[in-house]
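Student: can't give you the sequence, but here's the structure:
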């Protein structure tokens, strides 16, 4: 399945807002890793709802697509591969 098909499938399946835990599970990250991405400004757009970090589905999927794109250069310590 290519990334475009995956994103379209997720648009139909996911709720309008995702918790940090739900979003992290999709990317196979820990919730802490996603929190670190948020703090670094490299994570998806987020909103705070009753003290909880939530991600609007469309914003999360737009960001997620950039994380799984095989054409995107991989970053490693010391530069880009």
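Tutor: Right, received. Where do you want to start? Just so it is clear, the model here is predicted, and its values are computed rather than measured.

Student: State the mean pLDDT of the strand or helix carrying residue 36.
Tutor: Here residue 36 sits within helix 31-40, counting by DSSP states H and E. Averaging pLDDT along helix 31-40 yields 95.

Student: Which parts of that helix count as buried, going by neighbours?
Tutor: Neighbour-count burial for helix 31-40 flags 34, 35, 37, 38 (criterion: 16 or more other Cβ atoms under 10 Å). The C-beta positions use only the backbone N, C-alpha and C, and glycine is treated the same way.

Student: isn't residue 65 right up against residue 8?
Tutor: No - contact criterion Cβ atoms under 8 Å: residue 65 and residue 8 do not qualify, at 10.3 Å.

Student: Name the residue in those two with the higher neighbour count.
Tutor: Set residue 65 next to residue 8 and count neighbours by other Cβ atoms under 10 Å: residue 65 wins out with 15 against 12.

Student: Can you name the next helix or strand after the lengthiest strand in the chain?
Tutor: Assignment by DSSP state E gives strand 52-56 as the longest strand of the chain. Counting by DSSP H and E, the next helix or strand C-terminal to strand 52-56 is helix 57-68.

Student: Pull up the per-residue confidence for the residue nearest to the spatial centre of the chain.
Tutor: The residue lying closest to the centre of the chain (Cα atoms, centre = their mean) is residue 64, at 4.0 Å. Looking at residue 64, its pLDDT reads 92.

Student: coming back round to it: got the buried residues of helix 31-40 as JSON lines, with distance to residue 17 columns?
Tutor: Formatted as JSON lines, these follow (distance: Cβ to Cβ, whole Å):
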{"residue": "34", "distance to residue 17": "15"}
{"residue": "35", "distance to residue 17": "17"}
{"residue": "37", "distance to residue 17": "18"}
{"residue": "38", "distance to residue 17": "15"}
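
Student: returning to that earlier point: show me what the longest strand of the chain pairs with in its sheet, parallel or antiparallel.
Tutor: According to DSSP bridges, strand 52-56 forms sheet pairs with strand 17-19 (antiparallel), strand 47-49 (antiparallel).

Student: roughly how far is the first one from the heart of the chain?
Tutor: Per Cα atoms, centre = their mean, to the nearest Å, the displacement of strand 17-19 from the mean C-alpha position of its chain is 11 Å.
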